[in-house]
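K.L.:
next comes the sequence, and after it the predicted model I'd like to discuss.
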Amino acid sequence: MDLLRSLPLGLYLEQPITWLHRLDPRIKLAWLMTFLAAPLLANSFWRLLLVGFLMIVTILARIPLRVWRQQMVWLLVLSLMVFALTMFLPDGLKTRHQARLPVDELAFAQQPATLPPTPAPRPWYNPWGVGQPTVLPLPGTAPDVALPQPTDYRYVLFQRGSLTVTQRSLDLAIRYGTLLFTLLYSTNLFLLVTAPEEITAAIEDWMSPLRRFNLPITEIALTLTLSLRFIPLVLEEVQNLVRSISTRAINWRKLGWRRALQIWLIVAERLLNNLLLRAEQIASAMKVRGFTSPNDHQVQWHQFQLRWGDWLAIVSLIGLWSARLVWGWEL
């Protein structure tokens, strides 16, 4: 199934078995929730620390380069693009709000009737003012008078023509870029080292306290297991239909967009019929085997057993959250 192997995300790595594979799926699910929740209300240093931590874990797990290269590289490129766009976009703090009426109408009426002289136009060879510092005068001061700053703090970090980088735009760029990478890559790494049966077993175990409220936890876990098993069948049917269309050598230019749309509607209808047929076959197979209720015919996909590596992961998780609550808050 070439379509399944070509997908860069959501694949399960069966070989080689790393130490991440051997961890308890409940612990890995808790770590995933940590990576999803820790960036909330966190400072920029903590967000960058999470990105570096994910990369270090990937390297220490000795995941083959061919696997994580196609997954991490495009995520890094996407995150860097978001970082660059957000950094050079306006930060929204330069907007000036003006009241409908003057604050002091008497002082406004006593203003001189003559307007200040217009600034000299920039020369033709330097229309953007590259290399010329821009000094904004304070209210009540002359236009060409700049007050000395008491500290070395600068709100505008970089300014070349229309490109401006401020403290807030840099902070927003770090926030959005790291958040995108952390959310996507942590989920992908979890799916890479955890089998679908282990995922459903871990979710069912974490949701077991909800049985007191008469919630169908076992039915939810069974539905999730079947849906995860059904995804490869969907991709296989899509691949077969695409190959059947390509082998017929249809000249799409001569058909026009109306006939081409009709053909793709027929393909979509056929895909839906095949998927419904597969679902009916799965239901018939379960019924023949006497599977009438998940509570009576519950299948233990995974046996939970905490080892010394799991306890070390729990201690590391507690330490990470302790550091997050102490030093990771956004100022």
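P.N.:
Perfect, I can see it now.

K.L.:
where does the protein have low pLDDT?
P.N.:
1-10, 92-120, 123-147, 149, 292-302, 331 (pLDDT under 70).

K.L.:
so where do the strands sit in it?
P.N.:
Ranges of strands in the chain, per DSSP state E, are 156-160, 163-166.

K.L.:
mean neighbour count, those: which tops it?
P.N.:
Among those, strand 163-166 has the highest mean neighbour count (mean count of other C-beta atoms under 10 Å), at a mean of 16. Quick note: C-beta positions are derived from backbone N, CA and C, even for glycine.

K.L.:
export the strands of the chain to a markdown table and tack on distance to Ile231?
P.N.:
Below are those laid out as a markdown table (distance: least, C-beta to C-beta, whole Å):
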| stretch | distance to Ile231 |
| --- | --- |
| strand 156-160 | 46 |
| strand 163-166 | 43 |
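
K.L.:
the ones you listed: which one's closest to Gln70?
P.N.:
When those are compared by C-beta to C-beta, strand 163-166 sits nearest Gln70, at 31.6 Å.

K.L.:
and that closest one, what other elements does it pack with?
P.N.:
helix 65-88, strand 156-160 (3 or more C-beta pairs under 8 Å, 6 or more residues apart in numbering; DSSP states H and E).

K.L.:
partner strands of the last one and their direction?
P.N.:
For strand 156-160, sheet partners with direction are given as strand 163-166 (antiparallel), following DSSP bridges.

K.L.:
touching the strand it pairs with from outside, list them.
P.N.:
Strand 163-166 is contacted from outside by 87-88, 90-91, 93, 155-159, using C-beta atoms under 8 Å, 6 or more residues apart in numbering.

K.L.:
do the same with stretch 188-200
P.N.:
9-13, 18, 20-21, 23, 25, 28-29, 31-32, 54, 57-58, 61, 63, 67-68, 71, 75, 202, 221-222, 224-225, 228-229, 301-302.

K.L.:
among these, which lie within helices?
P.N.:
Among the contacts of stretch 188-200, the ones falling in helices (DSSP state H) are 20-21, 25, 28-29, 31-32, 54, 57-58, 67-68, 71, 75, 202, 221-222, 224-225, 228-229.

K.L.:
which members of those residues are classed as buried?
P.N.:
For the ones in helices among the contacts of stretch 188-200, a neighbour count by 16 or more other C-beta atoms under 10 Å gives the buried set as 20-21, 25, 28-29, 31-32, 54, 58, 68, 71, 75, 202, 221-222, 225, 228.

K.L.:
list the buried residues of the longest helix anywhere in the chain.
P.N.:
For the chain, the longest helix by residue count, based on DSSP H, is helix 252-288. For helix 252-288, the neighbour count (16+ other C-beta under 10 Å) marks 271, 274 as buried.

K.L.:
tell me which strands and helices that helix is in contact with?
P.N.:
In terms of contacts (3+ C-beta pairs under 8 Å, 6+ apart), helix 252-288 is packed against helix 217-247.

K.L.:
elements contacting the helix it packs on?
P.N.:
Against helix 217-247 (3+ C-beta pairs under 8 Å, 6+ apart) you get helix 2-6, helix 196-206, helix 252-288.

K.L.:
and the angle from the second one to helix 217-247?
P.N.:
Using axes from the mean of the first three to the mean of the last three C-alpha atoms, to 10 degrees, one finds that helix 196-206 and helix 217-247 are set 150 degrees apart in direction.

K.L.:
same thing with the last one?
P.N.:
An angle of 150 degrees separates the directions of helix 252-288 and helix 217-247 when computed by the same axes, to 10 degrees.

K.L.:
distance of the nearest residue to Arg211 once chain neighbours are set aside relative to Glu330?
P.N.:
Of all residues not flanking Arg211 in the chain, Ile217 sits nearest, at 5.6 Å (C-beta to C-beta, 6 or more residues apart in numbering). Computed as C-beta to C-beta, to the nearest Å, the Ile217 to Glu330 distance reads 36 Å.

K.L.:
who has more neighbours out of the two?
P.N.:
Neighbours per residue (other C-beta atoms under 10 Å) separate Ile217 from Glu330, with Ile217 holding more: 20 against 12.

K.L.:
can you tell me how far the more buried one is from Leu228?
P.N.:
17 Å.

K.L.:
my guess is Leu29 contacts Glu204, does it?
P.N.:
No. Between Leu29 and Glu204 there is no contact under C-beta atoms under 8 Å: 10.9 Å.

K.L.:
surely Met207 meets Ile220?
P.N.:
Yes. If you go by C-beta under 8 Å, Met207 and Ile220 touch, sitting 7.2 Å apart.

K.L.:
tell me how far Arg69 lies from Ile59.
P.N.:
12 Å.

K.L.:
with Thr225 instead?
P.N.:
Counting by C-beta to C-beta, the gap from Thr225 to Ile59 is 32 Å.

K.L.:
just checking, Asp171 touches Phe45?
P.N.:
No. Under the criterion of C-beta under 8 Å, Asp171 lies out of contact with Phe45, with a separation of 10.9 Å.

K.L.:
good, wrapping up.
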